[in-house]
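A.B. asks: Provide a 3D model corresponding to the input given below.
(2 chains)
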2 protein chains.
Amino acid sequence: MQRAEYPEEIQNLIQQLKRLPGVGPRSAERLALHLLSTRTQHPLDLAQALMAAIQGVGPCSRCGFYRGVRALCAVCDAVGRDESVLCVVEQPADVLPLERTKGFNGRYHVLGGRLSPLSGVQPEHLRLALLTERVRAGGVSEVILALSADVEGEATAHFIAQSLAAEPVTVTRLAQGLPAGGGLEQADELTLFRALAGRCAVR
Amino acid sequence: MQRAEYPEEIQNLIQQLKRLPGVGPRSAERLALHLLSTRTQHPLDLAQALMAAIQGVGPCSRCGFYRGVRALCAVCDAVGRDESVLCVVEQPADVLPLERTKGFNGRYHVLGGRLSPLSGVQPEHLRLALLTERVRAGGVSEVILALSADVEGEATAHFIAQSLAAEPVTVTRLAQGLPAGGGLEQADELTLFRALAGRCAVR
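C.D. replies: Numbering: from 1, shown residues only, chains lettered A, B, ... in the order given. Predicted coordinates:
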């Protein structure tokens, strides 16, 4: 006995949706049927928004964050930000979480990844030369390294600190320790070790 | 202090993704950034698959299930299916779950919804006249009503049974009772009542 299937167009749409992170076969099918069953403008709007984003969004020519039609991103384009502090992050997606803290008003520099010899990511694959260039251009007094708290992040931080050693800038990195709301019993050994090593005076 | 935001194209894409079922603001943002960060063909493939599905997929002119480029769907197009049994479902999405049971080899008829006076769904909004037409055309000996086991599904089943009363066909509906693997303690009162009312001899 044969079993009927969806038309090719729907099967193809399900295949493409299944490639999204966190979308399994079941939810891909549900999403596809939802998109086709709504008699609204939505599916077309979604397809067009996707095309517009693919075609219109690129890296900011200065810092590497996402930019739209302009050559610079919203951060580099903004006036009144502190030009003397540069925050180095791995991915463009790391910028907005930092913005949301409202604790930073400087500029950013997106590396586009982190050093990882095992995965073949060498210094020349990252925007490291551009970082040195920006620092050498002057006006920067502090470089904050907001990189992952793992081995590759540490290695990248170390590499940057060395390459900026001759420049007249302070290089700092984010504090490592207990996450907000985290008790000691939930913290793993390494986190606790770093929290202990980075302890500071209460007053 | 101002906070930077994504370029308009990304914000728009996030808005459109957020309208999908089960996609919240966080996952919409994650999906958008994932689509833009992959340097593969995938985002473009997805946009094109969506456009192709919107433009190419429509209801089968006979049964109402999804069809692609052809005028008929995969079920109506198939040879060797039992023409004498017609299974009535509410939505096109109900067809494949029934196909997957491998327990049915007849044809389908998709109503496009169910009667719901409160939501303004009247008989003329559903493919009910087409159903009567197909039955009157002859060759059908049984109409199986595979509708939801709720008040509106029951009302729709009742309406169809009445409108086919004068035709020489048997009208049946799906059994209601305990779901597979379900114990009595998980079953709600109504399910248990129906399981009891629909009891059948063990041998």
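
A.B. asks: where does chain A have low pLDDT?
C.D. replies: With pLDDT under 70 as the threshold, chain A has low-confidence stretches at A:1-2, A:39, A:203.

A.B. asks: residue ranges for the helices of it, please.
C.D. replies: A:8-18, A:25-37, A:42-56, A:74-77, A:95-100, A:128-136, A:151-163, A:189-197 (DSSP state H).

A.B. asks: of all these, which one comes closest to B:Q91?
C.D. replies: The minimum distance between B:Q91 and these falls on helix A:25-37, with 7.3 Å, by Cβ to Cβ. For glycine as for every other residue, the C-beta is placed from the backbone atoms N, C-alpha and C.

A.B. asks: buried sites along that closest one?
C.D. replies: For helix A:25-37, burial by neighbour count (16 or more other Cβ atoms under 10 Å in any protein chain shown) applies to A:S27, A:A28, A:E29, A:R30, A:L31, A:A32, A:L33, A:H34, A:L35, A:L36.

A.B. asks: for the first one, give me its contacts.
C.D. replies: Looking back up the chat, that one is A:S27. A:L17, B:G22 (Cβ atoms under 8 Å, 6 or more residues apart in numbering or on different chains).

A.B. asks: rerun that using 7 Å as the cut-off
C.D. replies: By Cβ atoms under 7 Å, 6 or more residues apart in numbering or on different chains, A:S27 lies in contact with B:G22.

A.B. asks: relative to B:A71, how far out is it?
C.D. replies: Distance from A:S27 to B:A71, counting by Cβ to Cβ, to the nearest Å: 31 Å.

A.B. asks: quick one, which of the helices of chain A is nearest to B:V143?
C.D. replies: It's helix A:25-37; of the helices of chain A, that one is closest to B:V143 (Cβ to Cβ) at 24.1 Å.

A.B. asks: any chance of the helices of chain A in TSV, plus distance to A:R173?
C.D. replies: Shown next, in TSV, are those (distance: least, Cβ to Cβ, whole Å):
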stretch	distance to A:R173
helix A:8-18	39
helix A:25-37	39
helix A:42-56	32
helix A:74-77	20
helix A:95-100	13
helix A:128-136	14
helix A:151-163	5
helix A:189-197	12
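
A.B. asks: out of the ones you listed, nearest to B:S148?
C.D. replies: Once the helices of chain A are compared by Cβ to Cβ, helix A:25-37 is nearest, at 15.8 Å.

A.B. asks: got the angle for that closest one vs helix B:42-56?
C.D. replies: Put simply, helix A:25-37 runs at 50 degrees to helix B:42-56, going by axes from the mean of the first three to the mean of the last three Cα atoms, to 10 degrees.

A.B. asks: quick one: A:A78 and B:A4 touch, right?
C.D. replies: Yes: taking Cβ atoms under 7 Å as the definition, A:A78 is a contact partner of B:A4 at 6.5 Å.

A.B. asks: settle it for me: which of these two has more neighbours?
C.D. replies: Higher neighbour count among A:A78 and B:A4: B:A4, with 19 against 14, using other Cβ atoms under 10 Å in any protein chain shown.

A.B. asks: surely that one meets A:A74?
C.D. replies: Yes: B:A4 is within contact range of A:A74, at 4.2 Å (criterion: Cβ under 7 Å).

A.B. asks: show me which residues of stretch A:43-63 are buried.
C.D. replies: For stretch A:43-63, using 16+ other Cβ under 10 Å, the buried residues are A:43, A:46-54, A:57, A:60, A:62-63.

A.B. asks: with stretch A:120-130 instead?
C.D. replies: Under the neighbour-count criterion of 16+ other Cβ under 10 Å, stretch A:120-130 has A:V121, A:L126, A:R127, A:L128, A:L130 buried.

A.B. asks: anything in it near chain B?
C.D. replies: No: against chain B, stretch A:120-130 shows no contacts by Cβ under 7 Å from any Cβ of the partner chain, the least distance being 12.5 Å.

A.B. asks: contacting residues around that stretch?
C.D. replies: Taking Cβ under 7 Å, 6+ apart as the rule, stretch A:120-130 contacts A:G64, A:V110, A:L111, A:G112, A:G113, A:R114, A:L115, A:F159, A:S163.

A.B. asks: ends of it, what's the gap?
C.D. replies: Using Cα to Cα, to the nearest Å, the end-to-end distance of stretch A:120-130 comes out at 20 Å.

A.B. asks: could you do stretch A:107-121 as well?
C.D. replies: 25 Å.

A.B. asks: what residues sit buried inside it?
C.D. replies: A:R107, A:Y108, A:H109, A:V110, A:L111, A:G112, A:R114, A:L115, A:S116, A:V121.

A.B. asks: quick check: the farthest pair among those residues?
C.D. replies: A:R107 and A:S116 (25.4 Å).

A.B. asks: for B:A146, state which of the buried residues of helix A:25-37 is nearest.
C.D. replies: Proximity of these to B:A146 (Cβ to Cβ) peaks at A:L33, which lies at 17.0 Å.

A.B. asks: that closest one and B:A93 touch, don't they?
C.D. replies: Yes: applying Cβ under 7 Å, one finds A:L33 in contact with B:A93, separated by 4.7 Å.

A.B. asks: what is the neighbour count of A:R199?
C.D. replies: A:R199 is flanked by 9 other residues according to other Cβ under 10 Å.

A.B. asks: ignore the last one, A:V69
C.D. replies: Other residues close to A:V69 by other Cβ under 10 Å number 10.

A.B. asks: contacting residues for it?
C.D. replies: By Cβ under 7 Å, 6+ apart, the neighbours of A:V69 are A:G56.

A.B. asks: now with 10 Å?
C.D. replies: Going by Cβ atoms under 10 Å, 6 or more residues apart in numbering or on different chains, A:V69 touches A:G56, A:V57, A:G58, B:P7, B:E8, B:E9.

A.B. asks: what residues are up against A:I10?
C.D. replies: A:29, A:32-33, A:35-36, B:49, B:52-53, B:56-57, B:66-68, B:92, B:96.

A.B. asks: next: A:T170.
C.D. replies: With Cβ under 10 Å, 6+ apart, A:T170 has these contacts: A:V85, A:V140, A:S141, A:E142, A:V143, A:I144, A:L164.

A.B. asks: for A:Q55, see how far away it is.
C.D. replies: Counting by Cβ to Cβ, the gap from A:T170 to A:Q55 is 40 Å.

A.B. asks: likewise for A:I160?
C.D. replies: 33 Å.

A.B. asks: close to chain B, is stretch A:87-101?
C.D. replies: Yes: Stretch A:87-101 reaches chain B (Cβ under 10 Å from any Cβ of the partner chain) through A:Q91, A:P92, A:A93, A:V95, A:L96, A:L98, A:E99, A:R100, A:T101.
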